[in-house]
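Novice: model this:
(one chain, ligands or ions: 1)
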Amino acid sequence: MLRSDFLWGGAVSAHQLEGAYLEDGKGLSVADVLTAGAHGVSRRITSGVVEGECYPNHGGIDFYHTFEQDIALFAEMGFKCLRTSIAWTRIFPTGIEHKPNEAGLAFYDRLFDCMIAHGIQPVVTLSHFEMPLYLADECGGWLNRVLIDHFTRFARVCLERYHEKVTYWMAFNEINNQHNFSNDVYGWTNSGVKFSKEKDPRRAMLQAAHYQFVASAIVTRIAHEIDPKIKMGCMVAADVVYPLSCHPEDVLLANDAMHSTYYFTDVMVRGAYPNYAKRIHEELSEPLDITNDDLAALTSGTVDYVGFSYYMSNVVDHSAHVDVSDSVSYSDEHMVSNPYLEANEWDWQIDPRGLRYALKAFDERYGLPQFIVENGIGIIETLDENQTVEDDERISFLGEHIKQMKLAVEEDGVDLIGYTVWGCIDLVSFTTGEMRKRYGFIYVDKNDDGTGSGQRFKKKSFDWYQRVIASNGEDL
Ligand code: P53
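Specialist: Numbering: from 1, shown residues only. I've put the predicted structure just below:
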């Protein structure tokens with residue numbers, strides 16, 4: 001059985017649904033200069049906001065103005081929690097101010113109070129691909145050590161203001177996404193850096209990640225000082241990688257490929273770089289800037305739980321050499337498709353057992369409580385004549401993943417805090433900027449080009465998830 005206080009809910013991020021991109025003093029973020037892409041078409045990063053370009057995050061789904069109705073719908077499904085992020089630029093418009101923007105802070109008070117009034121506890125990510133554009137353009141993003149101070153100041157303001165309303169926090173969303181530095185969108189959204197422009201892109205990525213590790217550790221320590229009840233997690237995309245065959249080269253390759261997750265979690269969970277990282281660092285063109293103070297900070301701020309997203313598994317084949325330059329999907333040159341699995345329309349391979357594998361692997365490696373903070377499937381959908389969507393495909397996807405999650409808890413002994421479904425209301429896709437890649441229990445009448453009434457409609461999965469939560473995962 002799942003624990004009785006299991007945190008069922010949904011997950012979203014500020015920049016993918018709030019809209020209101022300049023309202024109440026908000027500054028521009030790195031997400032505000034991302035154009036719309038499509039499947040196989042990368043989003044572009046423009047230099048500032050350029051007239052005539054399409055920026056889907058500017059409007060989102062207008063949650064900034066509709067949150068009261070939307071939260072009421074989440075409450076109707078029985079949500080125990082909602083994971084969202086605090087848009088850094090609502091609090092510090094450029095990131096370098098010393099005084100926070102009170103209007104921005106007041107918005108999140110209203111939002112969190114509304115959730116709590118409905119019995120929904122907020123779960124908060126401090127940085128979900130939405131750092132101030134100023135810090136990226138003028139300071140060089142996370143390649144500049146000064147970002148640690150700017151981020152820490154922002155985090156402290158949020159922790160002090162909301163610690164009585166929020167227990168579960170995460171510093172950086174999917175901190176390991178930038179591992180895929182062949183596409184600049186990942187480095188840009190994680191770190192405000194275009195790694196392809198750097199002399200040694202791998203070194204630059206590892207340097208940015210290092211400053212983030214230090215920042216995450218400092219923030220974790222501060223959080224515990226402010227309120228010992230706070231639980232601070234790491235957040236990674238669980239990149240489950242299988243060998244294509246039992247050829248020892250495939251097995252070794254798959255083991256190595258898992259470093260794209262473990263390199264990040266190892267540091268944040270254990271508070272020190274693992275041995276294999278030293279080898280990786282030695283191969284760089286120049287040593288990383290890692291001070292003794294940094295190493296001490298890492299040890300003093302290890303995380304309380306492992307938060308992760310899970311969408312798909314991947315497969316490596318040592319004999320494959322795929323062209324990944326400018327690839328929008330998360331892959332390396334040895335990644336091939338899994339002959340045993342199907343994929344969605346964006347080629348994300350559907351693998352419920354991979355979720356159990358990830359839970360087991362993290363448990364065996366760290367033994368910490370875990371929190372599945374994203375899982376879901378993007379599908380192209382339209383309203384039918386009954387003003388709904390019969391999304392049986394989503395029901396089956398989520399049901400199968402929940403079954404595997406329960407096996408991990410009941411058979412494998414994993415300590416699991418909760419499960420939040422990504423994009424519980426349709427929102428702007430991160431990788432493509434599309435609206436048509438829909439994840440929600442709630443359909444939002446909005447199209448890729450920004451047209452549509454914005455009206456909300458319950459899909460079939462809305463009632464299904466309500467039953468799942470009411471039965472604590474027994475009625476699937
Ligand atoms: P979209 C890759 C692999 C797994 C999760 O993505 C990923 C990515 C993209 O880096 O991102 C997370 O909207 C991310 C969310 C995002 C969600 O997955 O492209 O944390 O912001 O929306 C789904 O379908």
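
Novice: any idea which helix or strand comes after the helix or strand of the chain with the lowest mean pLDDT?
Specialist: Between all helices and strands in the chain, the lowest mean by mean pLDDT, DSSP states H and E belongs to strand 335-336, at a mean of 92. Using DSSP states H and E, the helix or strand that follows strand 335-336 towards the C-terminus is helix 352-366.

Novice: Now do that following helix, average pLDDT.
Specialist: Mean pLDDT, helix 352-366: 98.

Novice: Adjacent strands (with direction) for whichever helix or strand comes after that helix?
Specialist: Counting by DSSP H and E, the next helix or strand C-terminal to helix 352-366 is strand 370-374. Strand pairing for strand 370-374, determined by DSSP bridges: strand 305-309 (parallel), strand 416-422 (parallel).

Novice: list the helices and strands the helix or strand following the longest one packs on?
Specialist: As assigned by DSSP H and E, the chain's next helix or strand after strand 416-422 is strand 442-444. Packing partners of strand 442-444 (3 or more CB pairs under 8 Å, 6 or more residues apart in numbering; DSSP states H and E): strand 456-458. From N, CA and C alone the C-beta is placed, and that goes for glycine too.

Novice: Which neighbouring elements make contact with the strand it packs on?
Specialist: Partner elements for strand 456-458 (3+ CB pairs under 8 Å, 6+ apart): helix 63-77, strand 442-444.

Novice: what residue is smack in the middle of this structure?
Specialist: Geometric centre of the chain, nearest residue: residue 173, 4.1 Å, by CA atoms, centre = their mean.

Novice: Can you tell me, leaving aside adjacent residues, what's nearest to that one?
Specialist: Leaving aside its sequence neighbours, residue 173 sits nearest to residue 128 (CB to CB, 6 or more residues apart in numbering; 4.0 Å).

Novice: just checking, that neighbour touches residue 14?
Specialist: Yes: the pair residue 128 / residue 14 is scored as a contact, 6.6 Å apart, by CB atoms under 8 Å.

Novice: if I look at these two, which residues touch both of them?
Specialist: residue 85 (CB atoms under 8 Å, 6 or more residues apart in numbering).

Novice: Residues of the protein that sit close to the ligand?
Specialist: Residues of the chain lying close to the ligand (CB under 6 Å from any ligand atom) are 13, 16, 173-174, 177, 237, 309, 311, 330, 374, 378, 422, 429-432, 437.

Novice: try 5 Å
Specialist: 174, 177, 237, 309, 311, 330, 378, 429, 430, 431 (CB under 5 Å from any ligand atom).

Novice: can you give me the strands in this structure?
Specialist: Using DSSP state E, the strands of the chain run over residues 7-11, 81-85, 121-127, 168-172, 231-237, 240-243, 305-309, 313-316, 335-336, 370-374, 416-422, 442-444, 456-458.

Novice: So in the chain, which helix runs the longest?
Specialist: helix 201-226 (DSSP state H).

Novice: can you pull the buried residues of it?
Specialist: For helix 201-226, burial by neighbour count (16 or more other CB atoms under 10 Å) applies to 201, 203-224.

Novice: so where's the stretch 201-350 of the chain uncertain?
Specialist: 324-331 (pLDDT under 70).

Novice: nearest residue to the closest residue to the ligand within the stretch 1-150 of the chain other than its sequence neighbours?
Specialist: The ligand sits closest to residue 13 of the stretch 1-150 of the chain, with a gap of 5.2 Å, by CB to the nearest ligand atom. Nearest residue to residue 13, sequence neighbours excluded (CB to CB, 6+ apart): residue 128, at 3.9 Å.

Novice: How about residue 419?
Specialist: Using CB to CB, 6+ apart, the closest residue to residue 419 is residue 372 (4.6 Å).

Novice: confidence score at the one you found?
Specialist: Value listed for residue 372 in the pLDDT field: 99.

Novice: who's in contact with it?
Specialist: Residue 372 neighbours (CB under 8 Å, 6+ apart): 308, 309, 310, 355, 359, 405, 416, 418, 419, 420.

Novice: Buried ones only from those, please, as a PyMOL command.
Specialist: Of the contacts of residue 372, the buried ones go into a single PyMOL selection, burial set by 16+ other CB under 10 Å:
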select buried, resi 308+309+310+355+359+405+416+418+419+420
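
Novice: Among the contacts of residue 372, find me the one that's closest to the ligand.
Specialist: Lowest distance from the ligand to the contacts of residue 372 (CB to the nearest ligand atom) belongs to residue 309, with 5.0 Å.

Novice: The closest one contacts residue 235, correct?
Specialist: Yes: Residue 309 is within contact range of residue 235, at 7.4 Å (criterion: CB under 8 Å).

Novice: Check the gap between residue 163 and residue 157 for me.
Specialist: 11 Å (CB to CB, to the nearest Å).

Novice: So if I had to pick from the two, which one is more boxed in?
Specialist: residue 157 (18 against 15; other CB atoms under 10 Å).

Novice: Correct me if wrong: that one contacts residue 100.
Specialist: Yes: under the criterion of CB under 8 Å, residue 157 makes contact with residue 100 at 4.9 Å.

Novice: Touching both of those two, which residues are there?
Specialist: Contacts common to residue 157 and residue 100, judged by CB under 8 Å, 6+ apart, are residue 91.

Novice: Return the distance of the nearest residue to residue 96 once chain neighbours are set aside relative to residue 166.
Specialist: Spatially, and ignoring its direct neighbours in sequence, residue 96 is nearest to residue 150 (6.3 Å; CB to CB, 6+ apart). Using CB to CB, we find residue 150 at a distance of 21 Å from residue 166.
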